[in-house]
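A.B. asks: Got a predicted structure plus its sequence, pasted below:
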Amino acid sequence: MSFKTTSLAALGLTIMACIQQGSAISTTSKSLNYKHVAEITKEIRWYVTPGKMTNVAQTDEEFGYEYEVVHAEESTATGNLIEPLRSYYQVYTYHHDALAEWDPSAAPFTAKTPLPFKYAPMALTRQVWNSFQDFNVSLDSAAYQNKTAGFGSALTPLAKLSWNTTKATFVDTETKSRDAGMYVGLLLADSSAGTSHEEIYKTLELRREYVESRLRVKPGLATGLLNYVQSGKALVTGTESGKVFMDSLQANSPFTAGIFWEHVALEEFWFKSPTDATSFFKGLPKLGKLQWKGSSGSYVVAGVPKVVFDKDKGRL
């Protein structure tokens with residue numbers, strides 16, 4: 001599935017047109033130069049959206065047990081043995097009672113999966129590593145037991161933010177709010193020709209400016225928004241779409257047998273409740289269109305977040 005996108009210059013004009021009032025966007029934050037952040041940041045985040053093949057008879061309960069119990073226990077054991085693996089989060093989209101107040105139509109993207117794969121994302125996994133080298137080397141370790149198949153990529157965290165109501169701006173933070181009851185991840189996929197790192201980073205900067213401008217115009221949208229994290233394709237990976245990421249891993253990686261779609265950017269939003277998330281995204285009507293030219297297959301994972309283990313005590 002493809003989306004109507006445009007050039008970076010036109011993206012900027014679209015954002016300015018969406019700003020209805022207020023002063024210019026603050027540029028005091030170190031996070032606004034994402035290319036520089038990517039150059040100096042060693043930390044890598046490994047994101048996968050595990051799920052089940054649509055032609056396989058597996059209930060949500062069966063998947064939930066394999067993911068929440070078996071996979072979580074294996075990953076915890078791995079984390080105990082591999083020091084550079086700092087944290088492991090899971091997000092569940094199939095806890096329907098807890099998500100009753102979430103309106104999926106509020107999400108910026110309509111695609112659930114990159115076609116033509118017959119695969120349904122059921123969750124999201126986030127692992128935080130000290131560096132890509134640590135991650136890559138660890139894949140060859142007998143201690144690494146993660147065998148999850150899904151759509152995935154290794155991304156560099158570019159901005160870790162919270163909303164400052166008094167200053168009406170995003171501020172940098174390293175600490176995750178502990179009372180999050182809802183998580184929405186917007187996964188942006190690459191074009192078939194491959195998108196440059198600079199274009200990905202610039203697009204994320206513009207998307208952040210748009211979100212910030214809307215919150216200034218309508219402060220009530222920020223109610224319940226706890227954290228906002230933007231991550232983009234790591235500089236250690238190439239620009240060619242698809243196979244480049246897999247080629248950068250160890251030849252015997254457990255992931256090479258998986259089914260992968262390479263998303264090259266991810267925006268994570270943490271909320272107090274599904275109601276807060278629904279209201280927030282309904283107030284951002286242009287967000288789904290702010291992508292680089294040719295971007296395709298972008299999708300949403302919205303669900304209940306859980307920290308399986310965290311060695312850094314709340315690191316966002």
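C.D. replies: Arrived safely. Numbering: from 1, shown residues only.
A.B. asks: name the element the most centrally placed residue in the chain belongs to?
C.D. replies: Centroid-nearest residue in the chain: Leu266, 3.1 Å away (criterion: Cα atoms, centre = their mean). Per DSSP states H and E, Leu266 falls inside strand 263-271.
A.B. asks: got it, and Ala302?
C.D. replies: Per DSSP H and E: strand 299-310 holds Ala302.
A.B. asks: Could you tell me the angle between the direction of the strand holding Leu266 and that of strand 299-310?
C.D. replies: With axes from the mean of the first three to the mean of the last three Cα atoms, to 10 degrees as the basis, strand 263-271 and strand 299-310 are set at 70 degrees to each other.
A.B. asks: helices or strands up against strand 263-271?
C.D. replies: Judged by 3 or more Cβ pairs under 8 Å, 6 or more residues apart in numbering; DSSP states H and E, the packing partners of strand 263-271 are strand 150-164, strand 182-189, helix 197-217, strand 225-233, helix 274-282. All C-beta atoms are positioned from the backbone trio N, CA, C, and that covers glycine.
A.B. asks: does Val128 sit in a helix, a strand or a coil?
C.D. replies: With DSSP: H, G, I helix; E, B strand; the rest coil as the basis, Val128 sits in strand.
A.B. asks: Can you check the pLDDT for it?
C.D. replies: Looking at Val128, its pLDDT stands at 93.
A.B. asks: Go ahead and confirm it touches Tyr47.
C.D. replies: No. Counting by Cβ atoms under 8 Å, Val128 does not reach Tyr47; the two are 10.2 Å apart.
A.B. asks: Give the pairing partners of the strand holding Leu266; include direction for each.
C.D. replies: If you go by DSSP bridges, strand 263-271 pairs up with strand 182-189 (antiparallel), strand 225-233 (antiparallel).
A.B. asks: who wins for proximity to His36 among those strands?
C.D. replies: Among the strands paired with strand 263-271, strand 225-233 comes nearest to His36, with 12.5 Å by Cβ to Cβ.
A.B. asks: what mean pLDDT would you report for that closest one?
C.D. replies: 95.
A.B. asks: Of the helices and strands packed on strand 263-271, which is nearest Lys176?
C.D. replies: strand 225-233 (6.0 Å).
A.B. asks: re the thing from before, by how many degrees do the strand holding Leu266 and strand 150-164 diverge?
C.D. replies: 50 degrees.
A.B. asks: Could I get the full set of strands for the stretch 1-150 of the chain?
C.D. replies: 44-53, 85-92, 119-121, 123-129, 150-164 (DSSP state E, counting those that start in this stretch).
A.B. asks: could those strands go into CSV alongside distance to Gly288 and mean neighbour count?
C.D. replies: Conversion of those to CSV gives the following (distance: least, Cβ to Cβ, whole Å; neighbours: other Cβ atoms under 10 Å):
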stretch, distance to Gly288, mean neighbour count
strand 44-53, 18, 22
strand 85-92, 20, 22
strand 119-121, 18, 20
strand 123-129, 19, 23
strand 150-164, 19, 22
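A.B. asks: and these, which one's lowest on average pLDDT?
C.D. replies: Looking at these, the bottom one is strand 119-121 with a mean of 68.
A.B. asks: Can you name the residues bridging to the closest residue to Asn164 other than its chain neighbours?
C.D. replies: Excluding the flanking residues, the one nearest Asn164 by Cβ to Cβ, 6 or more residues apart in numbering is Val171, at 4.7 Å. Beta-bridge partners for Val171, by DSSP bridges, are Ser162.
A.B. asks: shouldn't Val171 be in contact with Lys160?
C.D. replies: No. Counting by Cβ under 8 Å, Val171 stays clear of Lys160, with 10.0 Å between them.
A.B. asks: Point to the helix or strand of the chain where mean pLDDT is at its lowest.
C.D. replies: Across the helices and strands of the chain, the lowest-confidence element by mean pLDDT, DSSP states H and E is helix 243-247, at a mean of 41.
A.B. asks: Next, count neighbours for the residue nearest to Ser279 when sequence neighbours are not counted.
C.D. replies: With sequence-adjacent residues excluded and distances taken as Cβ to Cβ, 6+ apart, Ser279 is closest to Leu221, at 6.7 Å. Residues near Leu221, counting by other Cβ atoms under 10 Å, number 20.
A.B. asks: in a helix, that's where Leu221 is, yeah?
C.D. replies: Yes. Applying three-state DSSP, one finds Leu221 inside a helix.
A.B. asks: Dump the strands of the stretch 1-150 of the chain into TSV; add distance to Gly232 as well.
C.D. replies: Shown next, in TSV, are the strands of the stretch 1-150 of the chain (distance: least, Cβ to Cβ, whole Å):
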stretch	distance to Gly232
strand 44-53	10
strand 85-92	19
strand 119-121	20
strand 123-129	15
strand 150-164	5
